[in-house]
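[1] Got a predicted model here, sequence first, then my questions.
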Amino acid sequence: MTYAQPVELATRVTTEGWAIAKNCLDADEIHNARTLIAAHFQAGKGLLLDGAKVQPAAAHLVPGLAWLYAHPQIVEVARAALGTRDITFTGHSDAHQGFTLGWHKDSGSEALGDPLCGYFGGSSAALFQGVPEVVKLGIYLQESTSSNCLRVDPGSHLRPHLQPVRPTEVLMEAGDIVVFDVRITHAGAMVPYPDSPELHALRERISAFVTFGRSSERTRYFSQANMVRQRRQLGLPEEEAAGMTMDGGHAALLASLDVPVWEES
């Protein structure tokens with residue numbers, strides 16, 4: 001992992017809302033993760049959301065993939081970004097193949113009645129102030145170029161608006177990690193014209209996402225509300241999904257790194 005110092009990563013995430021940590025996964029790990037996710041979707045598993053194949057709760061539902069969401073380098077990036085070692089796994093872990101469209105924030109839920117801050121509760125004015133409380137890590141398992149990369153709007157984690165002011169490409173090598181405040185406005189990809197040769201590459205793009213937060217009341221609130229969305233995506237009643245964040249293997253890997261798992265109260 002080759003960002004300069006954890007304090008620099010924390011400063012960038014606090015001021016800009018996002019940062020890149022270089023060389024977090026090696027070539028074998030990238031190949032392993034890509035193979036597992038591709039095989040899962042090729043077997044017809046997961047959901048089709050906005051044209052992308054998505055597997056919520058992937059740490060528990062993609063066989064053999066729990067290690068990725070508890071990778072020591074990934075946990076250390078989350079700690080650095082949040083500026084504390086006292087972090088909690090929120091229960092969110094996704095795998096994606098393909099791309100989704102549209103500028104959005106991951107801080108809220110239409111299903112919960114507020115597209116901006118539904119996961120945290122409270123007012124938008126209160127949410128878009130202060131240091132990052134919850135960050136998402138994007139693990140892109142191929143090179144990210146102008147044709148297939150994530151786009152962010154730097155500084156938008158402090159603005160309650162979905163229209164980007166300064167859209168910026170997140171260009172990375174395979175094995176790099178992007179970490180961003182869930183409040184930042186971002187978009188999955190730009191849509192090429194229907195016959196574009198880039199369309200195939202976009203459909204084959206494989207990525208994984210995992211979310212950690214400070215061990216705080218706001219993270220607990222975020223985790224609780226975010227799991228409502230995940231359960232609805234999976235079509236599971238609450239009693240069947242209650243243990244989804246407590247998968248034994250994944251929880252044990254996190255415990256070995258002194259990272260607790262959010263538990264539903």
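    Alright, I've got the coordinates.

[2] Is residue 39 in a helix, a strand, or coil?
    helix (DSSP: H, G, I helix; E, B strand; the rest coil).

[3] oh, I was asking about residue 259
    Classified using three-state DSSP, residue 259 is coil.

[4] Dihedrals phi and psi, it?
    phi -110, psi 110 (degrees, to the nearest 10).

[5] ok, it - contacts?
    70, 75, 87, 88, 89, 212 (CB atoms under 8 Å, 6 or more residues apart in numbering). (Each C-beta comes from the backbone N, C-alpha and C, glycine too.)

[6] Try it again at 6 Å.
    75, 89 (CB atoms under 6 Å, 6 or more residues apart in numbering).

[7] measure it to residue 27 for me?
    26 Å (CB to CB, to the nearest Å).

[8] Kindly report the same for residue 18.
    Distance from residue 18 to residue 27, by CB to CB: 25 Å.

[9] Just want to know which of these two has more residues nearby.
    residue 18 (26 against 9; other CB atoms under 10 Å).

[10] Identify each of the strands in the stretch 51-200 of the chain and give its residue range.
    52-56, 87-97, 134-140, 151-152, 168-169, 177-181, 186-187 (DSSP state E, counting those that start in this stretch).

[11] Give me the residues contacting the longest one.
    The list of residues contacting strand 87-97 from outside it, by CB under 6 Å, 6+ apart, reads 37, 41, 52-56, 58-59, 62, 69, 78-79, 206-213, 215, 219, 223, 226-227, 245, 254, 259-262.

[12] tell me the angle it makes with strand 134-140.
    Between strand 87-97 and strand 134-140, the angle comes out at 40 degrees (axes from the mean of the first three to the mean of the last three CA atoms, to 10 degrees).

[13] tell me the angle of strand 87-97 relative to strand 52-56?
    150 degrees.

[14] Measure how far strand 87-97 is from the centre of its chain, please.
    Counting by CA atoms, centre = their mean, to the nearest Å, strand 87-97 is centred 6 Å from the centre of its parent chain.

[15] residue ranges for the helices of the stretch 101-250 of the chain, please.
    124-127, 198-203, 217-234, 238-241, 248-255 (DSSP state H, counting those that start in this stretch).

[16] And those helices, which one averages the lowest pLDDT?
    Ranked by mean pLDDT, those end with helix 238-241 at the bottom, a mean of 51.

[17] looking at the helices of the stretch 101-250 of the chain, which is buried most?
    Of the helices of the stretch 101-250 of the chain, the one with the most neighbours on average (mean count of other CB atoms under 10 Å) is helix 217-234, at a mean of 18.
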